[in-house]
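Novice: I would like the atomic coordinates for the input below:
(2 chains, ligands or ions: 2)
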Amino acid sequence: MVGEFQELLVSQIAVALFEIILFMFSAFLVLIPVSSALKEEGGVAQVELMLKAPVRPGDVLVGEFVGKTPIYAIFATLAVGLFTALLTPLGLSYVQIAVIILMAFVTCLGSFWVGTVLAAVARTTIGRTAKGKDIGKALAFIMALPMVAFMYAMMNGNIFSLLLDPGTNGLVKTLLGLFPSSWAAELIVAFARNPANIGAVGMLTVSRVGGMLVFMATILAIGWKVTDRAYSLEPASMGVTVVGPDGTFFKAVKQLGGGGSFGSLLVSSLKD
Amino acid sequence: MNIVIETKGLSKYYGKGNEIKAVDGLDLTVYEGETFGLLGPNGAGKTTVIRLLNCIIKPSGGSATVKGYDIREQPDDVKRVTGMLAESPGLYEKLSGYEFLEFMGALYDVPGDILGGRIDELLKLFDLDGRRNHLIEGYSSGMKQKLLLAAALIHDPPIVFLDEPTSTLDPRAAHMVKELIEELADSAGKTIFMCSHLLPVVEELCDRIGIINQGRLIAVGTVEEIIAQAGKETLEEAFIALTGGVDNGELLAWREHNVKP
Ligand SMILES: Nc1ncnc2c1ncn2[C@@H]1O[C@H](COP(=O)(O)OP(=O)(O)OP(=O)(O)O)[C@@H](O)[C@H]1O
Ligand SMILES: [Mg+2]
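Specialist: Ligands and ions are numbered 1, 2, ... in the order given. Now for the predicted structure:
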């Protein structure tokens, strides 16, 4: 099993394959908040409460995001755990493993942040009307289709022969190379090919990790700005957040959050 | 008397080419500690005035200060000194009453050590203490209204805006909310700015009223002054006269369309 996996990692389809897997994973994480935003009812009226308060809508969104990080952290930990388990037998150094974990973590959080911002925008635009909601749901479904197709191709092995074709392989790399999830994929493969020798791919490591951090900072800033504009009662936009059922989990988070006002802010956004 | 709200030519226009004049050149002064009522027919611009004065929307023209803060330049300061009960506000249905107030307190930076005590006080005052840990989705509309009023007071603002506070309530709940408003004005010394088209409520609660129609303020003063100004017997007659009441012919005009074969 390990031998096979190692073989796969050094093969020519490795980069493209990992790029697809990580892209699908991020896309999935982006879709979760968006589709839940489109399902919720009656959120629009709450925007007034939010706008009345002396807080920036962008801050509320960041709060909402921070409040939900425990859930995202579960996904990130899953991803990280999977990678570590797969990569440990390959003899990677601790630094290499740490870099990969960092990349996986940031990819997950970044995807969730994009999802949170898109969800806010969706609520204030297409989420406003019943028709918009239907369109949104259909959209979420259509976006999920390629994932299903990929899983299917993966299961019956078609994907491997497809990626062996240089044309398809190149196309995948060019298209997905634009997404930060691919930077993580490139690093994973590069490390697997040079176990315990980070120096061999030093430049790649620095540029990909650096690129990822810059990307993260940029989307944080853009997302904050976008939300500040999207949350408004002026003509053309309305929207806000809604919360889900209570439970011991939220109580626990509230305690973690200090039990005070911050804790309850956390909880109210966590329940979204 | 100290002025707490002052508007000069305050305007808000909507639509292409600004053809909808929701608020049009409003000049208004509200003094500390008084209960001021803004009266007007549907679509007169009452809600728009409240939103402007709470910095929820931006004016198209003119200026206004609330407790000395400029609504254009110092929105956060304005928001901290005002509480607002919106016309059709949203609630987080999946929170309990207590959690909702906790959340609102956090939005207004109420310090953690006084927030708990204040929530207890408000829940008792509004007779919601027994339901504090129940989800809001199970509250009746009167209870929701009371909870929203409590939320508007969570940061203990000196000025409270109430947009149609009783219009969706049954007579008993409306009476209770009216008494609460009276208490806020008399015992707690708050300045209250309320909007309504329910004349008895305004007549009973307000020290002074302003009548707004199509975005313009057309009369202001005590109830007696306004009745006298319009040369009528009751506030209702004065209101209808001042807002250019519809005559019966106009009211029945639709029948002619319908009756036509
Ligand atoms: N976002 C908006 N876009 C376009 N027009 C608007 C908007 N908000 C309000 N208006 C218009 O502004 C005018 C004043 O509306 P407003 O809600 O302030 O009236 P109101 O006095 O509160 O009425 P009501 O008694 O029915 O609550 C109306 O003609 C309304 O259609
Ligand atoms: Mg109104």
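Novice: any idea of the pLDDT on B:Gly112?
Specialist: Per-residue confidence (pLDDT) for B:Gly112: 89.
Novice: next one: A:Tyr152
Specialist: Reported pLDDT for A:Tyr152: 77.
Novice: give me the number of residues near it?
Specialist: Residues lying near A:Tyr152 (other C-beta atoms under 10 Å in any protein chain shown) number 11. The way it works is simple: take the backbone N, C-alpha and C, and place the C-beta from them, glycine included.
Novice: quick one: is stretch B:69-86 near chain A?
Specialist: Yes - interface with chain A: stretch B:69-86 contributes B:Pro75, B:Asp76, B:Asp77, B:Lys79, B:Arg80, B:Met84, B:Ala86 (C-beta under 8 Å from any C-beta of the partner chain).
Novice: Any idea which residue of the stretch 1-150 of chain A lies closest to ligand 2?
Specialist: Here the residue of the stretch 1-150 of chain A nearest ligand 2 is A:Glu48; by C-beta to the ion that distance is 12.0 Å.
Novice: go on, chain B?
Specialist: Counting by C-beta to the ion, chain B gets nearest to ligand 2 through B:Thr47 (3.1 Å).
Novice: Compute the number of surrounding residues for that residue.
Specialist: The number of residues near B:Thr47, taken as other C-beta under 10 Å, comes to 21.
Novice: Extract the C-alpha set from whichever helix or strand it is part of and format it as CSV.
Specialist: Here B:Thr47 sits within helix B:46-53, counting by DSSP states H and E. What follows is helix B:46-53, C-alpha atoms only, in CSV (Å, rounded to 0.1, in the frame of the first residue of the first chain):
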residue,chain,number,x,y,z
LYS,B,46,-41.5,58.2,9.4
THR,B,47,-39.4,55.1,9.2
THR,B,48,-37.0,56.8,6.9
VAL,B,49,-36.5,59.6,9.5
ILE,B,50,-35.8,57.1,12.2
ARG,B,51,-33.3,55.2,10.1
LEU,B,52,-31.5,58.4,9.2
LEU,B,53,-31.3,59.5,12.8
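Novice: tell me which element B:Val202 falls in.
Specialist: helix B:199-205.
Novice: now that helix, how far from the centre of its chain.
Specialist: 13 Å (C-alpha atoms, centre = their mean, to the nearest Å).
Novice: same thing with stretch B:212-224?
Specialist: 15 Å.
Novice: what does stretch B:113-124 give?
Specialist: On C-alpha atoms, centre = their mean, the centre of stretch B:113-124 falls 24 Å from that of its chain.
Novice: Give me the contacts around that stretch.
Specialist: A:260-261, B:97-98, B:101-102, B:105-106, B:110, B:129, B:132, B:150, B:153-154, B:156 (C-beta atoms under 8 Å, 6 or more residues apart in numbering or on different chains).
Novice: Which of those are buried, as a ChimeraX select command?
Specialist: Remark: buried members of the contacts of stretch B:113-124, expressed as a ChimeraX selection using 16 or more other C-beta atoms under 10 Å in any protein chain shown:
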select /A:260,261 /B:97,98,101,102,105,106,110,132,150,153,154
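Novice: residue contacts, B:His155?
Specialist: B:His155 neighbours (C-beta under 8 Å, 6+ apart): B:Arg80, B:Gly83, B:Gly105, B:Tyr108, B:Asp109, B:Val110.
Novice: who's in contact with the fourth one?
Specialist: Taking C-beta under 8 Å, 6+ apart as the criterion, B:Tyr108 is in contact with A:Ala53, A:Pro54, B:Arg80, B:Ile154, B:His155.
Novice: right, and the secondary structure at B:Leu180 would be what?
Specialist: Under the three-state scheme (DSSP: H, G, I helix; E, B strand; the rest coil), B:Leu180 adopts helix.
Novice: and the gap between the residue in the stretch 151-261 of chain B that ligand 1 sits nearest to and A:Val34?
Specialist: The stretch 151-261 of chain B approaches ligand 1 most closely through B:His197 (5.4 Å), counting by C-beta to the nearest ligand atom. According to C-beta to C-beta, to the nearest Å, B:His197 stands 40 Å off from A:Val34.
Novice: neighbour-wise, which of those two wins?
Specialist: Neighbours per residue (other C-beta under 10 Å) separate B:His197 from A:Val34, with A:Val34 holding more: 24 against 16.
Novice: residue closest to the middle of chain A?
Specialist: A:Ser111 (2.1 Å; C-alpha atoms, centre = their mean).
Novice: follow-up on the earlier one: now check the helix holding B:Thr47, is it near chain A?
Specialist: Yes - counting by C-beta under 8 Å from any C-beta, chain A is contacted by helix B:46-53 at B:Arg51.
Novice: Low-confidence regions, chain A specifically.
Specialist: A:1-3, A:5-6, A:9-10, A:39-46, A:124-133, A:136, A:139-140, A:235-272 (pLDDT under 70).
Novice: for the chain, what spans make up the helices?
Specialist: You didn't say which chain, so I picked chain A. A:2-10, A:14-39, A:47-52, A:57-87, A:94-124, A:130-155, A:158-164, A:166-176, A:180-193, A:202-230, A:248-256, A:261-270 (DSSP state H).
Novice: please go with chain B instead
Specialist: In chain B, the segments counted as helices under DSSP H are B:46-53, B:75-81, B:97-107, B:112-125, B:141-152, B:171-186, B:199-205, B:223-230, B:235-242, B:248-251, B:253-259.
Novice: May I have the third one as CSV, with CA atoms only?
Specialist: Put plainly, it is helix B:97-107. Backbone C-alpha positions of helix B:97-107 (Å, rounded to 0.1, in the frame of the first residue of the first chain) are rendered in CSV as follows:
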residue,chain,number,x,y,z
GLY,B,97,-34.3,35.5,25.2
TYR,B,98,-31.4,35.7,27.5
GLU,B,99,-28.9,34.8,24.8
PHE,B,100,-30.4,37.4,22.4
LEU,B,101,-29.9,40.1,25.0
GLU,B,102,-26.4,38.9,25.7
PHE,B,103,-25.6,39.1,21.9
MET,B,104,-27.1,42.6,21.6
GLY,B,105,-25.1,43.6,24.7
ALA,B,106,-21.9,42.3,23.0
LEU,B,107,-22.7,44.3,19.8
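Novice: just the angle between it and helix A:57-87, please?
Specialist: Taking axes from the mean of the first three to the mean of the last three C-alpha atoms, to 10 degrees, one finds helix B:97-107 and helix A:57-87 inclined to each other by 100 degrees.
Novice: What helices and strands are in contact with helix B:97-107?
Specialist: helix A:47-52, helix A:261-270, helix B:112-125, helix B:141-152 (3 or more C-beta pairs under 8 Å, 6 or more residues apart in numbering or on different chains; DSSP states H and E).
Novice: again, only this time at 6 Å
Specialist: Identification of packing neighbours for helix B:97-107 by 3 or more C-beta pairs under 6 Å, 6 or more residues apart in numbering or on different chains; DSSP states H and E yields helix A:261-270, helix B:141-152.
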